[in-house]
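Engineer: This is the structure alone, sequence omitted:
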């Protein structure tokens, strides 16, 4: 039932409704309509769904404040270090080439029988003409010669050779660029 209560503080007539002992004024009804109610009966703030914030909008907490639209992508970062490994097995022997994060080049050999043994490594970074910007490595073996090739960060392919007397590596040959270079 609605009835006029009389003039309010501004002089306008205030209407009130009585229901089951509760008194709701027009201002409270307007506020409830503006804010809304969740299924649990608790007022929900604008922009919030029943299960929390809408994706990409504010969640009204101190650790996740409102955010604007994403900006444009930034410039590419510097390239990461080149690391590479390659292995070749011949019978009971394994040959492995490695470029570590400092771009040092090594080859190693080990016996695989009866169980894989410890590697014996040779540093090829000290050989004459060794690249200082090696990025990827491959090793192959033919007869008693191990061929080690690397590609540099500038795309140059260089190689060196190791002799393989028995199961040892002797790597003293200089590095040379392959000719012709691959097309880039």
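Structural biologist: Received it, and whenever you're ready, just let me know what you need. This structure is a prediction, so every number in the text was calculated from the model and none was measured.
Engineer: Thought residue 146 was touching residue 165, still the case?
Structural biologist: No: counting by CB atoms under 8 Å, residue 165 sits too far from residue 146 to count as a contact (11.2 Å). Just so you know, the C-beta spots here come from the backbone N, C-alpha and C atoms, and that holds for glycine as well.
Engineer: Compare the two (neighbour count), which wins?
Structural biologist: residue 146 (24 against 8; other CB atoms under 10 Å).
Engineer: First-to-last residue distance for stretch 138-151?
Structural biologist: One end of stretch 138-151 to the other measures 9 Å (CA to CA, to the nearest Å).
Engineer: now swap in stretch 141-159 and tell me
Structural biologist: For stretch 141-159, the end-to-end distance is 13 Å (CA to CA).
Engineer: neighbours of residue 72, just the number please.
Structural biologist: 4.
Engineer: Against residue 80, how distant is it?
Structural biologist: As judged by CB to CB, to the nearest Å, residue 72 and residue 80 stand 23 Å apart.
Engineer: what's the answer for residue 143, then?
Structural biologist: For residue 143, the distance to residue 80 - CB to CB - is 37 Å.
Engineer: any idea which element residue 159 lies in?
Structural biologist: Using DSSP states H and E, the element containing residue 159 is strand 157-163.
Engineer: Which residues does that strand contact?
Structural biologist: For strand 157-163, the external contacting residues (CB atoms under 8 Å, 6 or more residues apart in numbering) are 107, 122, 124, 127, 129-131, 144-152, 169-171, 173-178, 181-182.
Engineer: Could you tell me which of the residues you listed are located in helices?
Structural biologist: Residues of these located in helices (DSSP state H): none.
Engineer: quick one: contacts for residue 173?
Structural biologist: With contacts defined as CB under 8 Å, 6+ apart, the neighbours of residue 173 are 127, 160-162.
Engineer: Look at it and report its pLDDT.
Structural biologist: Residue 173 is assigned 96 on the pLDDT scale.
Engineer: Got phi/psi on it?
Structural biologist: Torsion angles at residue 173 (phi, psi; degrees, to the nearest 10) stand at phi -70, psi 150.
Engineer: what about it, distance to residue 161?
Structural biologist: For residue 173, the distance to residue 161 - CB to CB - is 5 Å.
Engineer: Let me know the pLDDT of the spatially closest residue to residue 101 that is not a sequence neighbour.
Structural biologist: In space, and not counting its chain neighbours, residue 101 is closest to residue 81: 4.0 Å by CB to CB, 6 or more residues apart in numbering. The model reports residue 81 with a pLDDT of 83.
Engineer: Could you do residue 129 as well?
Structural biologist: 96.
Engineer: so it makes contact with residue 152?
Structural biologist: No: using CB under 8 Å, residue 129 is not in contact with residue 152, being 11.8 Å away.
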